[in-house]
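1. Got a sequence here, can you model it:
(one chain, ligands or ions: 1)
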Amino acid sequence: MSLILASASPRRKELLKMFTTDFTVVVSEVEEVLDETMTPQEYVADLAKQKAQAVAKLHPAETVIGCDTIVVFQNQVLEKPKNRVEAKQMLQAMSDDVHEVLTAVTIIKNGAISSTLETAKVYFYPLTDSLIESYLDQEDYQDKAGAYGIQSYAALFVEKIEGDYYTIMGFPLAKVYRMLHALEEAV
Ligand SMILES: Cc1cn([C@H]2C[C@H](O)[C@@H](COP(=O)(O)OP(=O)(O)OP(=O)(O)O)O2)c(=O)[nH]c1=O
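-> Below you'll find the predicted structure:
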């Protein structure tokens, strides 16, 4: 039985490679449409599960990992910005304040589902307009929840974090490793 990462994210692929190269990537077609009736926690968990289930349906004999990451600021869900203007608004809002990054992971193996919801708090320094503009110039924000990547130039925004750094990058590596081992032992 082999492993499938149900994610288009190049970061998740690189992080999973830290403990195994024995996997393939199959991207799910799940659409991310914000459901206002759910809490942010329910929403992110549901998306990770949907992504894993969509790929597991096509590959029932494989172990499938699905993930989703959102930023929550003042109870608002921030996903990937639609454009530079929206990205700037997100970064200005989060300046000199704290937000949460939520990453949900679902692993499906032989019909058994294992899920986790990881949260990290990120404290931003006050961000000057020129710092925001020079970050936006690099176009790194486009495919990132909350319009920044902590692993890039946006590291300059961060005063401190509480929680797992890899949760912020979208793949809580140590947790996923343990979930996979627990599933192996269960079979
Ligand atoms: C906050 C933050 C987010 N991100 C990324 C992680 C995720 O890839 C992305 C959130 O988008 P997601 O929708 O979670 O994932 P994705 O669209 O990249 O891939 P897929 O749906 O196929 O699994 O934001 C960072 O890389 N660094 C950060 O600091």
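
2. distance of Asp143 from Leu15?
-> Using Cβ to Cβ, to the nearest Å, one gets 15 Å for the distance from Asp143 to Leu15. For the C-beta atoms, the positions are set from N, CA and C on the backbone; glycine is no exception.

3. need the strands for the chain, in chain order.
-> Using DSSP state E, the strands found in the chain span residues 3-5, 23-25, 63-73, 76-78, 98-109, 112-124, 158-162.

4. Can you name the residues that contact the closest residue to Lys160 other than its chain neighbours?
-> Nearest residue to Lys160, sequence neighbours excluded (Cβ to Cβ, 6 or more residues apart in numbering): Tyr123, at 4.9 Å. Taking Cβ atoms under 8 Å, 6 or more residues apart in numbering, we find Tyr123 in contact with 97-98, 158-161.

5. Same list, the strands of the chain, but as TSV with distance to Ser134 please.
-> Shown next, in TSV, are the strands of the chain (distance: least, Cβ to Cβ, whole Å):
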stretch	distance to Ser134
strand 3-5	33
strand 23-25	32
strand 63-73	21
strand 76-78	21
strand 98-109	21
strand 112-124	16
strand 158-162	16
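
6. which of Asp143 and Leu15 has more neighbours?
-> Per other Cβ atoms under 10 Å, whichever of Asp143 and Leu15 has more neighbours is Leu15, with 19 against 14.

7. Against the ligand, how distant is the more buried one?
-> To the ligand, Leu15 is 10 Å away according to Cβ to the nearest ligand atom, to the nearest Å.

8. okay but that residue is in contact with Leu173, surely?
-> Yes. Using Cβ atoms under 8 Å, Leu15 is in contact with Leu173, at 5.2 Å.

9. ok, how many other residues are close to the closest residue to Asp68 other than its chain neighbours?
-> Nearest residue to Asp68 in three dimensions, chain neighbours excluded: Leu47, at 3.8 Å (Cβ to Cβ, 6+ apart). Leu47: 26 surrounding residues under other Cβ under 10 Å.
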